[in-house]
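# Need coordinates for the below:
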Amino acid sequence: MSAKYKFGVSSWLFVSPFTTQSIAPIFEKVSQLGYDAIEIAVEDPSQIDAEQVAAALDKYNLTAVLCGAFGASRDLTSNDPAIHQECFKYIEACLKLCNQWGTSFLAGPMYSAVGKRRMLSADARKKEWNLAVKNVRIACEIAAQHNCQLAIEPINRFETDLVNTSADVCQLVKEINHPAAKISLDSFHMNIEEKNPMEAIMQAGSHLIHMQISENHRGIPGTGITPWNEYATALNKINYRGVISVESFTPMNQQLAEAVCIWKPLADSQEEFAQAGLNFMKKIFK
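Have a look, this model is predicted:
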């Protein structure tokens, strides 16, 4: 096992939503496969017993990463301030879980609602961008109160019209101007949006605190056309020391599968997906 990186896998590969009932079977499976970390996708904090998660992390010797889910009811660029407040409450609930699980950040595209994409005028776009800066800064203040950071993730143009590239998220972090504002990158989105993945990672630099990987077709890493050596080289050059986490999604939850456009299984089983993904990470991220 590499001493440089910890290798993780998203709970979304196996189940949605993640609940208390998910803990034992998923944690045991992830541990047996040989992973160091479990990336817990928190859709509804009220469905998760935080103490049971903490106990399972200890039992199976796993590190936790926490990823948020940001839909229309958690949109920090909504015209409705009440929705902003709901999002702040959700972010704080997630940060409390971070504290209980020993993880130092919440990751995700918390600047807007996933799936919100429109052609806006330059003035309207600037207004929405400024609102994202203002509200994510507030979220950063909440994170700091919990001794945590936010790993802000750019996602592709089919899922948001606001922050698509490493350059976009670097500019957002610069304007937020808060020590809790950090970056998460995802190779799936990068393969759609970036001209050069190595340059994109280098641009994020020391602000990059989480790295998700998935093949260009959302399948097992190493089975597509992603230039993985460039990713590995860039992470080494910036001295990245965080978790590298496989993120894909179970086709068994119809709502989730439709949201991420997975119309058929991407492996014979989710366990095969997870094992092959780990084997590939150990090989490429030496």
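# For the stretch 51-200 of the chain, which segments count as strands?
63-68, 105-108, 149-152, 181-186 (DSSP state E, counting those that start in this stretch).
# just the helices in the chain please.
Under the criterion DSSP state H, helices of the chain are mapped to 23-33, 50-59, 81-101, 122-145, 166-176, 187-193, 197-204, 228-237, 254-259, 270-284.
# any weak-confidence spans in the stretch 101-250 of the chain?
Scanning the stretch 101-250 of the chain for pLDDT under 70 picks out the ranges 249-250.
# please redo it, this time with the cut-off set to 90
Applying pLDDT under 90 to the stretch 101-250 of the chain flags the ranges 117-119, 248-250.
# Out of the strands of the stretch 51-200 of the chain, which is the most enclosed?
strand 149-152 (a mean of 29; mean count of other Cβ atoms under 10 Å). Using the backbone N, CA and C atoms, a C-beta is placed for each residue, glycine as well.
# about what we covered before: make JSON lines out of the helices of the chain and add distance to Glu247 and mean neighbour count.
JSON lines is the format used below for these (distance: least, Cβ to Cβ, whole Å; neighbours: other Cβ atoms under 10 Å):
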{"stretch": "helix 23-33", "distance to Glu247": "13", "mean neighbour count": "17"}
{"stretch": "helix 50-59", "distance to Glu247": "19", "mean neighbour count": "16"}
{"stretch": "helix 81-101", "distance to Glu247": "17", "mean neighbour count": "18"}
{"stretch": "helix 122-145", "distance to Glu247": "21", "mean neighbour count": "17"}
{"stretch": "helix 166-176", "distance to Glu247": "17", "mean neighbour count": "19"}
{"stretch": "helix 187-193", "distance to Glu247": "7", "mean neighbour count": "21"}
{"stretch": "helix 197-204", "distance to Glu247": "16", "mean neighbour count": "20"}
{"stretch": "helix 228-237", "distance to Glu247": "14", "mean neighbour count": "17"}
{"stretch": "helix 254-259", "distance to Glu247": "12", "mean neighbour count": "13"}
{"stretch": "helix 270-284", "distance to Glu247": "10", "mean neighbour count": "19"}
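# Looking at these, which is nearest to Arg157?
helix 187-193 (6.8 Å; Cβ to Cβ).
# before we move on, the earlier item: nearest to Gln212, of the helices of the chain?
Nearest to Gln212 among the helices of the chain is helix 187-193 (6.9 Å), distances taken as Cβ to Cβ.
# and Asn135, what does it touch?
Residues near Asn135 by Cβ atoms under 8 Å, 6 or more residues apart in numbering: 76-77, 84, 87, 111.
# TSV for those, including distance to Glu39?
As requested, the contacts of Asn135 are exported to TSV (distance: Cβ to Cβ, whole Å):
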residue	distance to Glu39
Leu76	22
Thr77	25
His84	26
Cys87	21
Tyr111	20
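# Going by distance to Pro17, which of the residues you listed wins?
Looking across these and measuring by Cβ to Cβ, the closest to Pro17 is Cys87, at 17.5 Å.
# Sounds good, over and out.
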